[in-house]
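Enquirer: okay, predicted coordinates and the sequence, questions at the end:
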Amino acid sequence: MNEEAILELQKVSHAFGPLLALDDVSLTIAPGELVCLVGPSGCGKTTLLRVAAGLEELQQGGIAIDGRTVAGRGAHMPPEERGVGLVFQDYALFPHLSVLDNVGFGLRGQPAAQRRMRSLEILEQLGVAGLARNFPHTLSGGQQQRVALARALAPKPRLMLLDEPFSDLDARLRERVRDETLHLLKKAAAASLIVTHDPDEAMFMAERIAVMRAGRIVQLGRPAEIYLHPTNAFVASLFSEVNRIDGVVSGGGVETPFGILDAKHLADGTEVQVLIRPEALKLAWAGEGEADLNVGRVVTARMLGRSTLIHLHLGHFNGRPLHLHSRVPGYVAFAEGDDVTVGLDISQAFVFPRDDPT
Ligand SMILES: Nc1ncnc2c1ncn2[C@@H]1O[C@H](COP(=O)(O)OP(=O)(O)O)[C@@H](O)[C@H]1O
Ligand SMILES: [Mg+2]
C-alpha cells in the first residue's frame, strides 16, 4: 500500500455477468492531485468511480483511501464512511430540501449552528449563497451543478469523485463552470478524480490523465506526455483528428511523402499506420519554401475561429491520392487552388502497428 496516496486502486476488476467492465485497473492519486479519467462511452469510467466510492461492491483487487484499506482483503467500508465527496452528472439534489439543507446534509452529526455556518460559507465561495432558501427545481442547470459541488465539498473531503459533472451544461456555461470548479478543487486541496468523455475537458482540468478503453487504463500521464507521446493509436487519435498514412517497416524506418520516419521499435515487415496531427503539417505558399519540400494544392480552407483548417491534395502515395488536413493557428488566407509547400514536424507524427485499434 502506498502511504502517501489519497486514493489507491490495486488491480481492480469488475464484471456485470459476462461483461468485464473493469479489467485489472490500478491507479494512484496523490494528495491534492487532480486526475481525469477519459474514454468513450461504455468503457467503464462510471463503474470505476462507483467501485471507488463503495456504491458497487468490489469483486476483485483492493482499494485504499487515505492510507486505509476500504475494500478488498475482506473489508467493505460503506460509502458514507469513506470520507469521499461525490458529484454525479444528474447532480441528484434532494428535491424536498432547500439548497441550504442539501448542502448541510453531508454535515449531519455536527451542531446545527456549525452546519449552517459551513454550508453558507461554501455556498458563498461558489457564488450561490443568495439561493440558500431556494428549492432545487427553481435552479438553472449551472446553479444546480454548483449546489451539488458545494454539498460534496462541505464536509472537506480529502477525495472528490466527479462523474461527468459538466455534461448537462451547454457549451459556454460548461467552460465557465469547469474553470470555477478547477480553481475551487485546487483551493480545497482535495484529491480529485473527474470522469469525462471529453478529451478537451480532460486536458483543461487534469494534472494527470488516465485514458481508458474497454475496461483498461491504456495510458496514464501528464497531459503533455499523453498528447506528445501517445503509446498507442487509440490515445493518439483521441485528443485530435489525425491524418493517417499506411506503410511497412523496412530497415527500421517507414517511408512517407515526408521522408523516412523512424520505426526502430517495430520489426521489419510490420504493416503500420503513420498518424500525423494536423498542426504538424507546416504550410507555406509555394515559392517561399525550401526546394526539397513537397508541393501540394489546397482543396479548400475553413476558418474555424481559433485556427484555420486546410484540406490538401498532396499528389499520390502508395498509388492513391493523398488527402491531408493541416491546422494553422488563427486565420490564414489559403484558398482553393493555392500551391503550397508542406513540411512535417516529426515530433507530432506517430508510427503504430496497423492493427492497433484507433
Ligand atoms: N449495473 C449494470 N449492469 C449491467 N451492465 C452494466 C451496469 N453498469 C454498467 N454496465 C455496463 O458496463 C460497461 C461500462 O459501463 P460504464 O462504467 O457506465 O461506462 P462509462 O461510464 O465509461 O460510459 C458498459 O458496457 C455498461 O453497459
Ligand atoms: Mg459513465
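Expert: Sure, I can see it. Ligands and ions are numbered 1, 2, ... in the order given.

Enquirer: unless I misread the structure, Asn102 falls within a helix.
Expert: Yes - under DSSP: H, G, I helix; E, B strand; the rest coil, Asn102 sits within a helix.

Enquirer: what's the neighbour count on the nearest residue to Val295 once chain neighbours are set aside?
Expert: Nearest non-adjacent residue to Val295, counting by Cβ to Cβ, 6 or more residues apart in numbering: Ala286, 5.2 Å away. (Each C-beta comes from the backbone N, C-alpha and C, glycine too.) Residues near Ala286, counting by other Cβ atoms under 10 Å, number 16.

Enquirer: where do the strands of the stretch 251-358 of the chain begin and end?
Expert: Secondary structure of the stretch 251-358 of the chain by DSSP state E, counting those that start in this stretch: the strands cover 253-256, 259-262, 271-276, 281-285, 294-303, 307-317, 320-329, 339-344, 349-353.

Enquirer: dump those to TSV, plus distance to Arg216 and mean neighbour count.
Expert: As requested, the strands of the stretch 251-358 of the chain are exported to TSV (distance: least, Cβ to Cβ, whole Å; neighbours: other Cβ atoms under 10 Å):
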stretch	distance to Arg216	mean neighbour count
strand 253-256	27	20
strand 259-262	27	14
strand 271-276	20	21
strand 281-285	32	18
strand 294-303	36	17
strand 307-317	33	17
strand 320-329	30	16
strand 339-344	32	19
strand 349-353	17	22
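
Enquirer: mean pLDDT for those strands - can I get that in TSV?
Expert: Converted to TSV, those look like this (pLDDT from 0 to 100):
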stretch	mean pLDDT
strand 253-256	96
strand 259-262	95
strand 271-276	97
strand 281-285	92
strand 294-303	93
strand 307-317	94
strand 320-329	94
strand 339-344	93
strand 349-353	97
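
Enquirer: now distance to ligand 2 too, for those strands, in JSON lines please.
Expert: What follows is the strands of the stretch 251-358 of the chain, written out as JSON lines (distance: least, Cβ to the ion, whole Å):
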{"stretch": "strand 253-256", "distance to ligand 2": "37"}
{"stretch": "strand 259-262", "distance to ligand 2": "37"}
{"stretch": "strand 271-276", "distance to ligand 2": "27"}
{"stretch": "strand 281-285", "distance to ligand 2": "35"}
{"stretch": "strand 294-303", "distance to ligand 2": "33"}
{"stretch": "strand 307-317", "distance to ligand 2": "30"}
{"stretch": "strand 320-329", "distance to ligand 2": "30"}
{"stretch": "strand 339-344", "distance to ligand 2": "37"}
{"stretch": "strand 349-353", "distance to ligand 2": "27"}
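
Enquirer: export the ones you listed as JSON lines, with columns for distance to Glu207.
Expert: JSON lines is the format used below for those (distance: least, Cβ to Cβ, whole Å):
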{"stretch": "strand 253-256", "distance to Glu207": "34"}
{"stretch": "strand 259-262", "distance to Glu207": "30"}
{"stretch": "strand 271-276", "distance to Glu207": "25"}
{"stretch": "strand 281-285", "distance to Glu207": "30"}
{"stretch": "strand 294-303", "distance to Glu207": "33"}
{"stretch": "strand 307-317", "distance to Glu207": "26"}
{"stretch": "strand 320-329", "distance to Glu207": "25"}
{"stretch": "strand 339-344", "distance to Glu207": "31"}
{"stretch": "strand 349-353", "distance to Glu207": "23"}
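
Enquirer: who wins for proximity to Phe16 among the ones you listed?
Expert: Nearest to Phe16, of all those, is strand 349-353, at 30.7 Å by Cβ to Cβ.

Enquirer: assign a three-state SS to the residue of the chain found nearest ligand 2, would you?
Expert: Nearest to ligand 2 in the chain, going by Cβ to the ion, is Thr46, at a distance of 3.2 Å. With three-state DSSP as the basis, Thr46 sits in helix.

Enquirer: count the neighbours of the nearest residue to it once chain neighbours are set aside for me.
Expert: Excluding the flanking residues, the one nearest Thr46 by Cβ to Cβ, 6+ apart is Asp163, at 5.6 Å. For Asp163, the count of nearby residues is 21 (other Cβ under 10 Å).

Enquirer: nearest spatial neighbour of Ala206, skipping sequence neighbours?
Expert: The shortest distance from Ala206 to any non-neighbouring residue, by Cβ to Cβ, 6+ apart, is to Cys36 (3.7 Å).

Enquirer: thanks again, I'm all set now.
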